[in-house]
Structure formats: structure tokens, C-alpha cells
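> structure of the sequence below:
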Amino acid sequence: MNYTKGEWEAGQGIIKGFEDTEHIVVGLKGTNNTKIICATGFSNAKDVEESIANAHLISAAPELYEALKNLVDRGLIRDLDGDHFYEVMDALRKAEGRE
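As a prediction, the model looks like this:
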């Protein structure tokens, strides 16, 4: 799957050309938020707590995907009951854009 490789982290940063306020962002770790994956909201918004939570969830997405894919590839989910097996497979399809 082709996505930005490396460790993602949640943080705050200014997105040049998009207002002059800090945003809650997910960026590539070690780039001082210069390699931004996405922005989840403004750091001065009323729902900033939700934006921060979203950023943390998004920043964990590559690791969650790779861990789940590894379990599938190693055949460790085949013993799940039907509903749980399909939940796993549906989540992987969604992550891979095959939903």
C-alpha cells in the first residue's frame, strides 16, 4: 500500500496559505510539522479536544494497519467468529481504498 512511510505524530502547526492560525495536524515525526499528513481542526476552536483526539487516532493509523495486516498475513485471525473476521477484513479493505 502506498502511503507516507515513517512514524506519524499529532501536533500543532501553521499551514502556510491557509489562515494565520495554528492547526491540529498529523505530520511525519522529526520534520517539525513541515511534512503534514492532514489537519484535523484549528487549535483555538471550541472542539479542540476532539480535533486532538482525531489527530492521535489518525497518527496511529499506519501502525494499526500494519499490525492488523500482519495478523491476517500470518493467518492468526482465521479462528475469529464470522462477524469479527468480517469486521477485520472490512477494516483492511477500507484502509486500502477497496471499500
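> what bridges to residue 42?
Per DSSP bridges, the residues bridged to residue 42 are residue 23.
> likewise residue 28?
When residue 28 is checked against DSSP bridges, its beta-bridge partners turn out to be residue 8.
> correct me if wrong: it contacts residue 7.
Yes: under the criterion of C-beta atoms under 8 Å, residue 28 makes contact with residue 7 at 7.4 Å. For glycine as for every other residue, the C-beta is placed from the backbone atoms N, C-alpha and C.
> all strands for the protein, in order.
Applying DSSP state E to the chain gives strands spanning 8-14, 22-28, 36-42.
> I'd like to know which of the ones you listed lies nearest to residue 73.
Taking C-beta to C-beta as the criterion, residue 73 comes closest to strand 8-14 out of these, the separation being 21.8 Å.
> ok, residues contacting that closest one?
By C-beta atoms under 8 Å, 6 or more residues apart in numbering, the list of residues contacting strand 8-14 from outside reads 20-29, 33, 36-37, 43, 52, 55-56, 58-62.
> which strands and helices sit next to the helix ranked longest in the chain?
Ordering each helix of the chain by length in residues (DSSP state H) puts helix 48-73 first. Contacts of helix 48-73 with other secondary structure elements, assessed using 3 or more C-beta pairs under 8 Å, 6 or more residues apart in numbering; DSSP states H and E, are made with strand 8-14, strand 22-28, strand 36-42, helix 82-95.
> and the angle from that helix to strand 22-28?
Following axes from the mean of the first three to the mean of the last three C-alpha atoms, to 10 degrees, one obtains 20 degrees for the angle between helix 48-73 and strand 22-28.
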